[in-house]
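>>> Build me a structure from this.
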Amino acid sequence: MSLRTAASGLLLALAAAATSAGGCKKQDETAASKPVPAPAAAATATSGAAGAATATATAAPDGVRKVPIDVVEQGYSPDRIPGKPGEKLTLVFTRKVDGHCYEELKTPDGKRIALPKGQPVEVAVTVPQQGEVKFTCGMDMLEGFIVAEKS
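This next block holds a predicted model:
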């Protein structure tokens, strides 16, 4: 057996083990056309990626809007967070599932943050002036977006 054949077999075995152990699952690309919910001081948003999961955004006394985000098997719920350009947000991530991919978050500025299961983790972000910025899992497989609303 050649070294190349052995290495290929090892890579296939590792990939199969990662998949069966709850590794990342790339979200369905057809989900990209989901409607964007309208934000408000106490808006309710429902993500199509997680079905019936619902999150309620609330404004804190300092004017920073807190947006709860569940980390579930299908990804982030909600996975699109609209806001006014320049608006300060606190994203509150709560991981509800096991799996290596769900254990870490990469923020829009590239920081890596651990997401312990069942414990809310707050992440401060600013809505971009235009367009959107992305947050992902540590493996860049699951993704969510902070979207600037058009005026």
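
>>> Nearest residue to P108 in space, please, no chain neighbours.
Counting by C-beta to C-beta, 6 or more residues apart in numbering, V133 is the residue found nearest to P108 once chain neighbours are left out, at 4.0 Å. Heads up, the C-betas are built off the backbone N, CA and C, glycines and all.

>>> what helix or strand is that neighbour on?
Here V133, judged by DSSP states H and E, is contained in strand 132-137.

>>> Can you list the buried residues in that strand?
For strand 132-137, the buried set under the neighbour-count rule, 16 or more other C-beta atoms under 10 Å, comprises 132-133, 135-137.

>>> Parallel or antiparallel, list what pairs with it.
strand 104-106 (antiparallel), strand 143-148 (antiparallel) (DSSP bridges).

>>> Mind putting the ones you listed into CSV with distance to K66 and mean neighbour count?
Converted to CSV, these look like this (distance: least, C-beta to C-beta, whole Å; neighbours: other C-beta atoms under 10 Å):
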stretch, distance to K66, mean neighbour count
strand 104-106, 16, 19
strand 143-148, 14, 20
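
>>> Let's have these in JSON lines, adding mean pLDDT and distance to G86.
Formatted as JSON lines, the strands paired with strand 132-137 follow (pLDDT from 0 to 100; distance: least, C-beta to C-beta, whole Å):
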{"stretch": "strand 104-106", "mean pLDDT": "97", "distance to G86": "22"}
{"stretch": "strand 143-148", "mean pLDDT": "97", "distance to G86": "8"}
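
>>> and the strand holding V133, what's its mean pLDDT?
Per-residue pLDDT over strand 132-137 has a mean of 97.

>>> Please list the residues outside that strand that contact it.
If you take C-beta atoms under 8 Å, 6 or more residues apart in numbering as the criterion, strand 132-137 is touched by 24, 76, 91, 101-102, 104-108, 123, 125, 142-148.

>>> Where does pLDDT dip in this protein?
Residue ranges of the chain with pLDDT under 70: 1-60.

>>> what's E149 in contact with, if anything?
Neighbouring residues of E149 by C-beta under 8 Å, 6+ apart: 39, 82-85.
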